[in-house]
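Q: need the 3D shape of this:
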Amino acid sequence: MSPRRFLIVTADDFGLHEAVNDAVEQASRAGVLTAASLMVAAPAAADAIRRARVLANLRVGLHLVLADGQTMLEPARVPGLAAADGTMDDRMFQRGVRYFASPSVRRQLEAEIRAQFDAFARSGLRLDHVNVHKHFHLHPTLLAMILRIGRDYGAAAVRIPVEPLWFATQAGGWQAGVAAGLLRPWTLIMKRRLRAAGMRHNDQVFGIAASGAMDEATLLRVIGRLPAGVTEIYLHPATSGHLLSPTMYDYRHGDELAALMSPRVHAAIAAAQVATGGYADL
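A: Got it, this is the predicted structure:
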């Protein structure tokens, strides 16, 4: 049985850039960051793997990329997923329709998911969890593939993108609150499917409505109101002001790293007397 309150603090997009990897290493050594989600096809993935191997307290999972990123397979093998240079656009609705409606695209999708699991397995790192870039595993077709393929690679935990309404509304306004409310039926379905598959999962997550803006004040507010169950807080820290992706043009990567390095945040977690770690520690 998991503790009454368990906190996982995760950095997403590990491997996207060496500036991200630097931030993950610093924050892991500082003690607040407990997990990272690795993009295996990203430009700095090899550097991320090298660093992760010596970070004993960092739990590393697979951050599957099925939109807004690079494929693991050669583009010619997945023409329904990627352009000729292997890039996948961020048009989520159109992709979702194709992934559901086209058998040939689904076969390519399944091959790409397996290729990313294969790449993680070759890293030699222990697979702590699986999540998907842009929370695309809310798509039932993708979730079914991930659960089926993930079993072959020892996947045991999946993030559910369910954010408390109070936080979504405070961080992103009424529109974010409405969006969080509308997602509830989907996340409840996810939870039932994960439990049926014997997968660990979080009870709530923080970081959706404030994506790229999880600064010190925001972390302190969340830690001060940690609910019962398993909570995951995810961030996108980096050590430089590089534009890491066009879709993250307004992300405050440096502020998020500063929050993870903050003595006040470290002290707040200690004062909360909450157990911390990765999904494997549940």
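
Q: show me what contacts residue 54?
A: Contact partners of residue 54, counting by Cβ atoms under 8 Å, 6 or more residues apart in numbering, are absent. For glycine as for every other residue, the C-beta is placed from the backbone atoms N, C-alpha and C.

Q: could you do residue 235 as well?
A: Going by Cβ under 8 Å, 6+ apart, the list of residues near residue 235 reads 9, 10, 11, 12, 207, 214, 256, 259, 260.

Q: and if you look at residue 209?
A: Residues counted as contacts of residue 209 (Cβ under 8 Å, 6+ apart) are 163, 167, 168, 169, 170, 171, 172, 176, 180.

Q: which of the residues you listed lies closest to residue 281?
A: residue 163 (22.3 Å; Cβ to Cβ).

Q: show me the helices in the stretch 51-200 of the chain, by range?
A: 92-101, 103-123, 140-151, 165-196 (DSSP state H, counting those that start in this stretch).

Q: between the last one and helix 140-151, how many degrees?
A: So the one you mean is helix 165-196. 60 degrees (axes from the mean of the first three to the mean of the last three Cα atoms, to 10 degrees).

Q: chain center to the following helix or strand past helix 165-196, what's the gap?
A: Note on helix 165-196: by DSSP states H and E, the next helix or strand toward the C-terminus is strand 200-201. Offset of strand 200-201 from its chain centre (Cα atoms, centre = their mean, to the nearest Å): 13 Å.

Q: now stretch 233-251
A: Put simply, stretch 233-251 sits 14 Å off its chain's centre (Cα atoms, centre = their mean).

Q: and the end-to-end length of that stretch?
A: 16 Å (Cα to Cα, to the nearest Å).

Q: mean confidence for it?
A: Stretch 233-251 comes out with an average pLDDT of 88.

Q: and it, which residues are buried?
A: Across stretch 233-251, burial judged by 16 or more other Cβ atoms under 10 Å covers 233, 234, 235, 236, 237, 238, 239, 244, 245, 248, 251.
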